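K.L.:
how does the following fold in three dimensions:
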Amino acid sequence: MTGNVWFITGGSDGFGRAIALEALKRGDKVVATSRNLARMADLAAAGALTLALDVTADDATIQAALRKAIDAYGPITHCLNSAGYAIQGTIEELSAKEVADQFATNVLGTLNVTRNVLPIMRPRRRGVIANFGSLWSWGGGPGLGPYVGTKWAVSGLTESLDAEVRALGLAAVVIEAGYFRTGIAAGNRVTAARRLAAEYAGLALPAGAQGALEGRQPGDPAKGARVIVDALTRSGAAAGRDIPPRLVLGRDALRFIRDKLTATQRLLSEWEDVIVSTDYDDIA
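P.N.:
Residues are numbered from 1 along each chain as shown. Purely as a prediction, here's the structure:
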């Protein structure tokens, strides 16, 4: 039996569920939360404490869920923010509410839980907060604007959080995964209510291709969950390594990020004379 206590949002499917099962298999204590309690029956049967929680709720509601976790298992050592979904549609098609709802869950929900778990972890100088970015934290694509925006935001927020808490004995890591067969592409994708199919018919929308990719993604969620738990507990494949501020998963994500870095370096080189021309003349 380990001393790890996990508090996981979005535990009903995707990586949240896979990581919960992996942690339970290792003898860790797991509190899995979701808006839909019934969809976590298998986790409860496997030994997890399951709680209904909407990450867009107020602080008092989130604190009550955290208190139930502590009352059951003691202080939380690992907080995994995996609640989220993707909305598909071009920028013009999406309504203000659809965009606001996307950010409310993926970004503000992550922040809501993080702000409330930090006062639990900080006094003990022990804890890991892991948030889900994506390979889309590194690039954009048509039909993915708000979703990509949330993933860029989560990666930036997590990297900033890690800079704030690392000296306090805590760590924050953003998980930037490629395409995995978690069922998320089919189950957690919402299409914009207003469609402009005629005007945007010529675009190759990655979000649409994602649906066609369902069942053929290169990533194995069981392997991904194993690596994530290893990395966050500094065990197995991550034994002897520090917890990284960014954890990239999948060959496709590695290729995507490397291509982005190469393209960005090329852009900086091509525009360097213009970039530096805006400084005062006495600045070296």
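K.L.:
which other helices and strands contact the lengthiest helix in the chain?
P.N.:
The longest helix of the chain (DSSP state H) is helix 251-276. The contact analysis (3 or more CB pairs under 8 Å, 6 or more residues apart in numbering; DSSP states H and E) places helix 251-276 against strand 170-177. Every C-beta, even on glycine, is put in place using the N, C-alpha and C of the backbone.
K.L.:
so when I look at Ala72, I'm seeing a strand, right?
P.N.:
No. Assigned with DSSP: H, G, I helix; E, B strand; the rest coil, Ala72 falls outside any strand and is helix.
K.L.:
show me the contacts for it.
P.N.:
Lys29, Val31, Leu49 (CB atoms under 8 Å, 6 or more residues apart in numbering).
K.L.:
between these, which is closest to Leu111?
P.N.:
Val31 (19.3 Å; CB to CB).
K.L.:
helix or strand for the nearest residue to the closest one once chain neighbours are set aside, which one?
P.N.:
Leaving out its chain neighbours, the residue that sits closest to Val31 by CB to CB, 6 or more residues apart in numbering is Ala69, at 4.1 Å. Per DSSP states H and E: Ala69 is located in helix 59-73.
K.L.:
residues of that helix that come out buried?
P.N.:
Within helix 59-73, the residues that count as buried by 16 or more other CB atoms under 10 Å are Thr61, Ile62, Ala65, Leu66, Lys68, Ala69, Tyr73.
K.L.:
got the contact list for the first one?
P.N.:
When you say that, I think you mean Thr61. Leu53, Asp54.
K.L.:
again with the third one
P.N.:
Ala65 makes contact with Val31, Thr33, Leu51, Leu53, according to CB under 8 Å, 6+ apart.
K.L.:
out of the residues you listed, grab the one that's most surrounded.
P.N.:
Thr33 (30 neighbours; other CB atoms under 10 Å).
K.L.:
quick revisit: inside strands: which ones of the contacts of Ala65?
P.N.:
Secondary structure assignment by DSSP state E places Val31, Thr33, Leu51 of those in strands.
K.L.:
and the gap between the nearest residue to the last one once chain neighbours are set aside and Val276?
P.N.:
Going back to what we said before, that points to Leu51. Counting by CB to CB, 6+ apart, Thr33 is the residue found nearest to Leu51 once chain neighbours are left out, at 4.8 Å. In this structure, Thr33 and Val276 are 49 Å apart, going by CB to CB, to the nearest Å.
K.L.:
show the average pLDDT along the helix or strand containing Ser155.
P.N.:
For Ser155, the enclosing helix or strand under DSSP H and E is helix 145-165. Helix 145-165 comes out with an average pLDDT of 97.
K.L.:
list the buried residues in that helix.
P.N.:
Judged by neighbour count using 16+ other CB under 10 Å, the buried positions of helix 145-165 are 145-155, 157-159, 161-162, 165.
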